[in-house]
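**Q** Curious how this folds, go ahead:
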Amino acid sequence: MEIHQRGVVSMLQKFSKARKIGGYPWLAAALAFSFQLPALAQTADSITAKDAAAAAPAAAPASPFTANVTIASQYVSRGFRQTWGKPAIQGGVDYAHPSGLFAGTWMSSVSDHFIEGGSVEWDLYGGYTGTAGDFTYTGQIYYYLYPGAEASFAKTKYNYGEAVASLTYKWFNVKYWLTYTPDYFGYNSATLGIGSGQHSRGSGYLDLNGTFDLGSGYSLLLHYGNERVRNFSAYSFQDAKVAVSKAFDGGWTLAGAVTKGWGKNGVYDRYTTGVLNSAGQAEVSNPLTTTLVLSLTKTF
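**A** Reported below is the predicted structural model:
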């Protein structure tokens, strides 16, 4: 639900041509950590204006266009800390036609520590939404761009696309995100070092959300997600989030959330893209660790 860019020091040069992202056991043994691809970009569970819109109903806008700007303590999507613990600036523009058709774009800063060579995630999306009694249904297409980002040793881009089906009944929403491009966020045999010539088209993310109006402008969001990475089940993961938001006059929303992700067998516990610190050592972190995220959003 992205965009990442940057210039990363090649681990080939540092460690006898050892490369940066991947799942190579011999490299893990040699360096005491493994290189792995990050999990997805911005999605419905991100701490962004999308959360605020879902949690705090607002009066229908006079214009079919709306815009939003968010400052967040960091960018977390599907449980992954995509700004490596640093603050994020985000924003988007949306168009909604009375017929139910809609389109939009959204961007966020990201870290090259999470996405090799990346600094921005850029989402493009469009679709249709309608209602039937108490049900709201939506179908949409997403495409995530990460300008300048690439898993350099495998010459693989992170860009990917997902088709999304969504159904909402009162306070409960379920979505399913299905990868239609050859790779999900660059996951393939070349980048993960598993098998030969395999790709991850058909990967799916089950996205469950409960939104509760607490009164006086306060809302509670409960989220659970489960990503199944096709052909590379060792890299599948789950995530959860609890968020509280407060809507203020003038289109302002303040939100706080606690997020947590779980990978299989600690596959994401020592994650790196090979960016070196001042001591010449690769920066390593667990992007799925429990995280507190604070954000302030202005909607226009």
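**Q** Can you show me the helices along the stretch 101-250 of the chain?
**A** Remark: helices assigned in the stretch 101-250 of the chain by DSSP state H, counting those that start in this stretch are 189-192.
**Q** which residues in it form strands?
**A** In the stretch 101-250 of the chain, strands defined by DSSP state E, counting those that start in this stretch lie at 101-109, 120-132, 135-145, 150-151, 156-157, 160-169, 172-179, 204-215, 218-228, 237-248, listed in chain order.
**Q** Of the ones you listed, which stretch is the most buried?
**A** Each of these was assessed for mean neighbour count using mean count of other Cβ atoms under 10 Å. The highest is strand 150-151, with a mean of 24. (C-beta placed from N, C-alpha, C; glycine too.)
**Q** could you say what helices and strands that strand packs with?
**A** strand 156-157 (3 or more Cβ pairs under 8 Å, 6 or more residues apart in numbering; DSSP states H and E).
**Q** Can you name the residues in contact with the strand it packs on?
**A** If you take Cβ atoms under 8 Å, 6 or more residues apart in numbering as the criterion, strand 156-157 is touched by Tyr146, Ala149, Glu150, Ala151, Asp183, Gly186, Asn188, Ala190, Thr191.
**Q** cutoff 7 Å now
**A** Identification of contacts with strand 156-157 by Cβ atoms under 7 Å, 6 or more residues apart in numbering yields Ala149, Glu150, Gly186, Asn188, Ala190, Thr191.
**Q** Using a markdown table, lay out the strands of the stretch 101-250 of the chain together with mean pLDDT.
**A** Formatted as a markdown table, the strands of the stretch 101-250 of the chain follow (pLDDT from 0 to 100):
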| stretch | mean pLDDT |
| --- | --- |
| strand 101-109 | 98 |
| strand 120-132 | 98 |
| strand 135-145 | 98 |
| strand 150-151 | 94 |
| strand 156-157 | 96 |
| strand 160-169 | 98 |
| strand 172-179 | 98 |
| strand 204-215 | 98 |
| strand 218-228 | 98 |
| strand 237-248 | 98 |
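**Q** I'd like the ones you listed as JSON lines, with distance to Thr289 appended.
**A** As requested, those are arranged in JSON lines below (distance: least, Cβ to Cβ, whole Å):
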{"stretch": "strand 101-109", "distance to Thr289": "19"}
{"stretch": "strand 120-132", "distance to Thr289": "20"}
{"stretch": "strand 135-145", "distance to Thr289": "23"}
{"stretch": "strand 150-151", "distance to Thr289": "23"}
{"stretch": "strand 156-157", "distance to Thr289": "26"}
{"stretch": "strand 160-169", "distance to Thr289": "24"}
{"stretch": "strand 172-179", "distance to Thr289": "23"}
{"stretch": "strand 204-215", "distance to Thr289": "20"}
{"stretch": "strand 218-228", "distance to Thr289": "16"}
{"stretch": "strand 237-248", "distance to Thr289": "11"}
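**Q** Among these, single out whichever gets nearest to Ser196.
**A** Among those, the nearest to Ser196 by Cβ to Cβ is strand 156-157 (14.7 Å).
**Q** Dump the contacts of strand 156-157 into a markdown table; add distance to Leu294 as well.
**A** Formatted as a markdown table, the entries for the contacts of strand 156-157 read as follows, by distance: Cβ to Cβ, whole Å:
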| residue | distance to Leu294 |
| --- | --- |
| Ala149 | 26 |
| Glu150 | 32 |
| Gly186 | 30 |
| Asn188 | 36 |
| Ala190 | 38 |
| Thr191 | 33 |
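**Q** Could you pull up the residues touching Gly204?
**A** Tyr176, Trp177, Leu178, Arg228.
**Q** Tell me how many other residues crowd the spatially closest residue to Ser245 that is not a sequence neighbour.
**A** Here the nearest residue to Ser245 in space, its sequence neighbours aside, is Ala255; by Cβ to Cβ, 6 or more residues apart in numbering that works out to 4.0 Å. Here the count is done by other Cβ atoms under 10 Å, and Ala255 has 25 residues near it.
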